[in-house]
Every structure is written in structure tokens, then in C-alpha cells.
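Novice: Build me a model:
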Amino acid sequence: MRALHANTQNRHVHIVVNKIDPETYKAIQPAGRWTHKALERAARKIELAQGWEVEQSGFYSVVDGKLIEKNQKDEPAISSSARDSEAHTAIKSAERIAQEVAAPIIRDAKNWTELHEKLAERGIAFEAKGSGAVLKIGSVVVKASKASREASMSKLTSRFGEYSPRPAELCITERTVEPIEQAAKKEVRGEWERFKAAREEYFKDKKESRSAVCEQHKNERASLRRQQKSERDAEFTGSWKGHGALLNHKRSVLAAKHAKEKLNLADIQKQELDGLKLQYPHRFVSFKEWLEREKDQNTLLAFRYPHQGSIHGSGMRSDVQADLRAFTPTFGNKGGVAYSRDGAHAEFIDYGKKIVLGRKLDEAAILAALQLANQKWGSAIVNGTDEYKKICIALAIKHNLKISNPELAKDIENGKSRTINQHKQEADTPVKNEQDKQTVFNQYPDDTSEKYELDHISGTNNPKAAYLAHYKDIISRQSEGEKPDFSRIDGMIGVRLRVTGYSQGQIQSAIEKNAPVMRREAMSEPDFNSKYGSRDWWRYARETTGNFVFGLRGLSQYEQSVKYRPRLMKIEGRDSKEERLRELETRAKEAQEEQGR
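Specialist: Residues are numbered from 1 along each chain as shown. Model (predicted):
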């Protein structure tokens with residue numbers, strides 16, 4: 001059985017082969033498991049043809065563009081966790097360093113002393129552990145047998161005799177992290193160095209911030225203990241003889257008061273730690289994601305396709321890269337998060353309840369700030385000059401973002417109506433050239449004397465509630481006993497929310513919050529945990545929204561669904577006066593046509 005899928009950026013085929021004997025119900029392994037090697041040969045040839053990174057594990061390696069069968073006894077495979085780490089960070093794993101650096105040294109060493117000295121020169125320590133041996137590479141410990149099967153303790157003692165530990169006076173040279181092969185290329189290395197420095201700075205800031213918060217919490221708890229002790233000492237001084245009942249009462253009341261104070265402090269500190277986790281997620285962006293934020297595609301293409309050339313345009317599309325994805329956050333000491341494209345100059349700063357932009361009226365920075373505000377708060381209030389507000393209105397209309405200024409509502413609504421009418425006309429009129437598809441913005445002065453703010457506002461439209469309304473509508477239309485396809489439903493709801501005006505960030509958030517809830521309600525707890533217990537809902541929501549709802553496949557559904565916008569607005573319970581008037585006009589026209597017949 002085979003199936004062609006287009007649910008990612010690359011079309012791909014899934015092939016299912018049945019190897020179960022219908023009579024014995026046993027798996028067939030024809031010709032001594034030759035299928036494993038045949039499949040791997042095919043995979044390696046595809047990697048070479050496509051210019052992808054060649055997988056180093058398995059039966060074959062690639063030398064000068066040719067497949068060479070490995071000697072499996074001499075070359076241990078790099079573990080999947082190490083390969084995943086390399087793919088994410090573009091940093092050589094300790095296992096790969098053990099194979100590339102330590103293995104030749106161990107193989108050529110004549111005795112224990114030479115082995116320890118040569119390894120120490122390369123920043124590696126060889127130590128006995130239990131009945132085996134390990135290699136210490138920086139702060140990472142790797143089994144010696146991961147470097148080579150000849151590096152096991154039993155093999156080495158048979159060569160060198162009884163194990164001799166490293167002399168205490170022998171110093172280990174400090175190792176620096178190294179890029180993997182694709183990132184070591186001269187056209188990629190510079191950007192990788194920037195990525196490495198930013199990654200190290202991120203985790204350094206994260207560690208320092210957490211240490212500072214934990215120290216603050218420790219001092220707050222100690223201060224509360226001293227305060228409560230002082231209250232107890234002051235309350236229970238003197239003799240209470242003959243007043244036992246009153247003493248018990250006071251003790252109970254004061255103990256309850258102190259317990260509440262501790263609980264309140266614990267809640268406050270937990271919220272601060274949760275806020276720190278949001279500010280510093282466990283995962284730093286991957287090197288690939290880092291490169292995708294850059295305007296110049298040359299580095300990204302050189303990294304992703306190291307073995308082949310590429311043909312591409314002279315620049316990135318402005319509607320793809322000139323937005324929030326092009327900006328990198330930097331965490332400052334004054335509570336703000338600065339966003340910049342060059343790593344140095346902050347173009348806008350998020351202070352928690354407001355986002356402040358710099359003096360330049362840069363459309364990309366304003367768009368990124370609006371996208372961040374819509375993601376955080378659902379909509380935004382903008383303050384600034386008339387020129388600044390004009391840019392905000394144009395960007396909100398083009399990118400389907402929400403601005404809640406009452407004085408701007410009419411301009412935004414009129415602009416959206418003109419855009420919808422223009423799209424309808426374009427659908428009926430052939431496009432003459434690519435320039436007809438582009439939106440030209442007026443140029444505004446580069447410098448003003450004012451700053452502009454995007455303030456938090458709680459909008460009347462709730463994407464999470466809208467998700468639930470559409471979910472109930474879709475489920476109600478299914479046949480009785482029909483098993484829901486939850487992933488398909490999430491995609492349908494996402495397209496509907498896009499039609500009714502929600503942004504990509506809002507739709508992603510709605511799917512992330514509601515998708516697990518809907519599945520949990522429709523399934524037993526054991527079934528839910530078995531199927532979805534390990535799912536990363538944030539990643540699922542991001543992929544559903546980015547790859548489908550706002551991808552090529554979702555575009556066709558979106559275009560087909562635009563005409564049903566009034567009905568979809570009604571499902572959400574927010575059909576506007578303008579939408580109702582349009583519907584009444586449509587009904588009146590239909591009635592007139594009926595009378596004419």
C-alpha cells in the first residue's frame with residue numbers, strides 16, 4: 001500500500017509492505033534480512049541525489065559520492081539522541097568526537113601512558129568505570145565502546161596489561177565546541193558562530209535569572225519566618241497560667257494566619273517561576289530556525305543542501321521574512337525583552353503590558369510588534385502620530401491583525417471591505433503579471449521625535465470560544481456513530497477561524513488549548529494517555545496552522561469558504577451589523593428574482 005502526502009513543505013510517499021505470512025502469522029525475512037540493506041542503499045542514494053545530509057549510521061557510508069559497506073564490528077552507530085542534538089544545534093556530539101578523535105588515538109596507542117597523554121592533548125579523558133571504561137569529553141560522558149569496539153576495557157587490557165589510571169599531574173586541554181560538517185563550511189561558519197554565541201548567552205542569562213529569582217525567594221521565605229517568629233514571641237510573652245482555652249484559641253488563629261501567609265507567598269513565587277519559564281523556554285531555536293530568520297538565503301541553502309547547488313531569487317519575499325520571524329529576542333536587565341534583526345540595535349521592546357517601538361517608522365518592525373501584540377493579547381491599541389497609525393492600519397488589513405482603537409475601526413473595516421472586493425475582482429480577472437499581485441505601501445519619513453506604543457486590550461472576540469463553537473457545529477453534522485478525525489477537524493476549524501478574521505497566532509493558540517480538551521472529552525483517559533500522552537501540543541498547533549491553515553492546501557479551502565463568512569460569524573455568535581445587512585440585501589434580491597419568475 002502506498003500513499004502520497006502533502007501535509008509538510010515537501011511532498012512524500014509512505015509505503016506499507018506486509019511481511020506477515022498469512023498462514024503462520026510470522027514475519028518473513030527473505031534472503032537473510034537483505035531488505036534492510038536494500039532499503040538503506042535506496043535511502044543513501046536518495047540523500048546523495050537530493051543533496052541532503054548523508055546519514056552516518058547503518059550498513060553504508062559515503063566516500064567520494066560512492067556507497068561503501070561498513071564493517072559493522074568496527075564502527076558503532078551514533079545514537080539517535082546524539083543525531084537529534086546535532087540536527088538541532090549543528091554542534092558535533094560527544095559520540096561523534098569520540099569516533100573521529102578518540103578512536104584513532106586509542107587504536108594507535110602503544111601503552112596506557114601514551115593513550116592518556118594523546119587523549120589529554122585533545123581534551124579527552126579516559127577513565128575506568130565499573131567493569132568498563134568511559135570517555136569524558138568536556139562535561140559529557142560517553143562509553144568508550146561508543147568510540148570503537150577496540151576501545152572497550154577488556155580489549156585494551158589485553159593489549160596494554162592491567163589498567164593504569166591517568167596521572168594526577170596530567171592536565172586535560174580545554175575543548176571548544178565544534179560545528180558539524182555542513183556548518184563548518186566557510187559560507188556557513190560565520191553564522192554558526194553567531195548562533196553559538198547567542199545560544200550560550202541565552203542559557204547563561206537563563207541560569208543567572210533563575211539563580212537570582214531563587215535567591216530572592218529564599219530571602220523572602222527567611223524574612224517571612226523571622227516576621228512570624230517575632231509575632232509569636234510578641235503574642236505569647238508572659239504567663240498564660242489559668243488561661244489555657246484563650247491560649248489555645250490564639251495559637252490556632254495565629255497558626256492559621258501564618259499558614260495562609262506561607263501559602264500566599266508560595267503562590268506568588270510559583271507565578272514568578274512560571275513567568276521565568278515562559279521568558280526562558282527550555283528549548284533554544286535550532287540552527288535551521290535561526291537561519292530561516294535571516295534575509296540572505298545563501299547560508300540557509302548552503303547548510304541544508306551541502307552537496308548540490310541551488311537556484312533562488314535575489315531576495316526573500318517581504319511577506320515571509322519581514323515579520324516577527326526575522327526578529328531575535330534579547331533579554332535585558334530592566335524587565336524588557338528587546339527584539340532586533342542585527343543582534344545589536346533594538347527595534348522594539350516588550351515591557352509586558354506594552355510594546356514600545358523606536359523612532360524609525362520601519363514597516364517590518366511595526367508588523368512584528370503588531371503580530372506579537374496579537375499573539376499575546378488578541379488585539380492591540382496603537383498610540384502615535386497619524387502617519388504611524390496609517391501604517392498600522394495598512395498592515396492590519398494586509399496581514400489580518402486586530403487593532404481595537406475605536407477611532408480606527410471604521411478605516412480598518414472599510415479597508416478590509418475594499419480588500420475583499422478587490423480579491424473578488426481579481427478572481428474574475430486574469431492576472432497580467434506578478435506586479436499586479438503586490439501591494440505598494442507609501443514611503444514614510446525615517447525619523448520622528450515620538451515613540452509609539454501597543455497597549456494591551458481584551459478584545460470582544462475570543463478565538464478559543466470560537467474554536468469550541470465551530471467544533472460543536474462540525475460534530476453535529478457528522479453521522480451517528482461516525483468516529484471523528486480530530487486532526488482533520490482541527491484543520492477545518494483553523495480555516496474557518498482564518499475566514500472570520502483571526503490571526504495565525506490566535507488560531508495556533510486556540511488549537512493548542514482546545515485540541516487536547518476535545519480529544520480527552522471524546523476518549524477514555526487510558527486511551528487518551530496511550531495515544532496523545534507524549535504529544536507536544538504547541539508543536540502540533542504550530543504545524544497545523546503553518547503547514548495547513550496558512551499553507552497551500554489550506555489556501556484553497558480558505559478561498560472556497562470566504563463566501564460563507566456571514567454563516568461562520570453567526571456560529572461564533574458575533575455576526576456584525578454590516579454582515580446582517582448584507583444577508584438581508586441578499587435575501588431581498590432573491591425574493592425579487594423569485595417574484596420576477
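Novice: C-alpha from now on. contacts and neighbour counts both.
Specialist: OK.
Novice: Contacts made by stretch 7-22 with the rest, please.
Specialist: 1-6, 26-29, 547-548, 553 (Cα atoms under 8 Å, 6 or more residues apart in numbering).
Novice: Now do that stretch, average pLDDT.
Specialist: Throughout stretch 7-22, pLDDT has a mean value of 80.
Novice: Now do the buried residues in it.
Specialist: In terms of neighbour count (16 or more other Cα atoms under 10 Å), stretch 7-22 has no buried residues at all.
Novice: What of stretch 127-146?
Specialist: Buried residues in stretch 127-146 (16+ other Cα under 10 Å): 127, 133-138, 141-146.
Novice: go on, stretch 507-516?
Specialist: Buried residues in stretch 507-516 (16+ other Cα under 10 Å): 507-512, 514-516.
Novice: hmm, back to that, pick out the most distant pair among the buried residues of stretch 127-146.
Specialist: Spatial extent of these (Cα to Cα) is set by the pair 138 and 145 at 17.7 Å.
Novice: Distance from the host helix or strand of residue 252 to the middle of the chain?
Specialist: In this assignment (DSSP states H and E), residue 252 forms part of helix 244-279. Mean C-alpha position of helix 244-279 versus that of the full chain (Cα atoms, centre = their mean, to the nearest Å) differs by 36 Å.
Novice: quick one: average confidence on that helix?
Specialist: According to the model, helix 244-279 has a mean pLDDT of 86.
Novice: I'd like the next helix or strand past it.
Specialist: Next along the chain after helix 244-279, with elements defined by DSSP H and E, is helix 287-292.
Novice: And the strands in this protein, which stretches?
Specialist: Along the chain, counting by DSSP state E, strands occupy 2-5, 12-15, 60-63, 66-69, 124-129, 132-137, 140-143, 328-331, 337-340, 348-350, 354-357, 380-383, 452-456.
Novice: so can I have TSV of those strands showing distance to residue 215?
Specialist: TSV is the format used below for those (distance: least, Cα to Cα, whole Å):
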stretch	distance to residue 215
strand 2-5	52
strand 12-15	52
strand 60-63	51
strand 66-69	56
strand 124-129	35
strand 132-137	32
strand 140-143	28
strand 328-331	19
strand 337-340	22
strand 348-350	25
strand 354-357	28
strand 380-383	36
strand 452-456	31
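Novice: that older thread, just checking, what packs against the helix holding residue 252?
Specialist: Contacts defined by 3 or more Cα pairs under 8 Å, 6 or more residues apart in numbering; DSSP states H and E place helix 244-279 against helix 186-235.
Novice: Can you flag which of the buried residues of stretch 507-516 belong to helices?
Specialist: Among these, DSSP state H puts 507-512, 514-516 in helices.
Novice: Just put the buried residues of stretch 127-146 in TSV and tack on pLDDT.
Specialist: Formatted as TSV, the buried residues of stretch 127-146 follow (pLDDT from 0 to 100):
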residue	pLDDT
127	90
133	91
134	91
135	91
136	92
137	90
138	85
141	91
142	89
143	90
144	87
145	86
146	85
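Novice: circling back: any buried residues in the helix holding residue 252, and which?
Specialist: Buried residues in helix 244-279, counted by 16+ other Cα under 10 Å: 254, 258, 262, 265, 269, 273.
Novice: Can you tell me which of the buried residues of stretch 127-146 comes closest to residue 66?
Specialist: Using Cα to Cα, the buried residues of stretch 127-146 come closest to residue 66 at residue 146, 25.2 Å.
Novice: And the helices in the stretch 401-550 of the chain?
Specialist: Ranges of helices in the stretch 401-550 of the chain, per DSSP state H, counting those that start in this stretch, are 406-428, 463-476, 486-499, 504-522, 525-532, 537-543.
Novice: And those helices: which comes nearest residue 215?
Specialist: helix 537-543 (31.1 Å).
Novice: Quick check: which helices or strands does that closest one pack against?
Specialist: So helix 537-543, by 3+ Cα pairs under 8 Å, 6+ apart, packs with helix 504-522.
Novice: The helix it packs on packs against which elements?
Specialist: The elements that helix 504-522 packs onto, with contact taken as 3+ Cα pairs under 8 Å, 6+ apart, are helix 363-377, helix 463-476, helix 486-499, helix 537-543.
Novice: Next one: residue 143 relative to residue 221, how far apart?
Specialist: 43 Å (Cα to Cα, to the nearest Å).
Novice: circling back to that earlier point, how about CSV for the buried residues of helix 244-279, with distance to residue 571 added?
Specialist: Below are these laid out as CSV (distance: Cα to Cα, whole Å):
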residue, distance to residue 571
254, 54
258, 50
262, 46
265, 43
269, 41
273, 39
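Novice: Can you pull out the low-pLDDT segments for the stretch 401-550 of the chain?
Specialist: The stretch 401-550 of the chain contains residues with pLDDT under 70 at 419-461.
Novice: Same check on the stretch 101-250 of the chain?
Specialist: Checking the stretch 101-250 of the chain against pLDDT under 70 turns up nothing.
Novice: give me the number of residues near residue 283?
Specialist: Neighbour count for residue 283, taken as other Cα atoms under 10 Å: 8.
Novice: State the phi and psi torsions of it.
Specialist: phi -100, psi 120 (degrees, to the nearest 10).
Novice: just to revisit the earlier point, take the helices of the stretch 401-550 of the chain and write them to JSON lines, including distance to residue 232.
Specialist: JSON lines is the format used below for those (distance: least, Cα to Cα, whole Å):
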{"stretch": "helix 406-428", "distance to residue 232": "56"}
{"stretch": "helix 463-476", "distance to residue 232": "49"}
{"stretch": "helix 486-499", "distance to residue 232": "58"}
{"stretch": "helix 504-522", "distance to residue 232": "46"}
{"stretch": "helix 525-532", "distance to residue 232": "48"}
{"stretch": "helix 537-543", "distance to residue 232": "48"}
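Novice: Which stretch among those is buried most, on average?
Specialist: helix 486-499 (a mean of 21; mean count of other Cα atoms under 10 Å).
Novice: which residues touch it?
Specialist: 463, 466-467, 470-471, 474, 504, 507, 511, 515, 519, 544-545, 548-550, 554, 557-558, 561-562, 565, 568.
Novice: Show me where the stretch 251-400 of the chain dips below the pLDDT cut-off.
Specialist: Using pLDDT under 70, the stretch 251-400 of the chain drops low at 293-322, 331-335, 342-345, 359-360.
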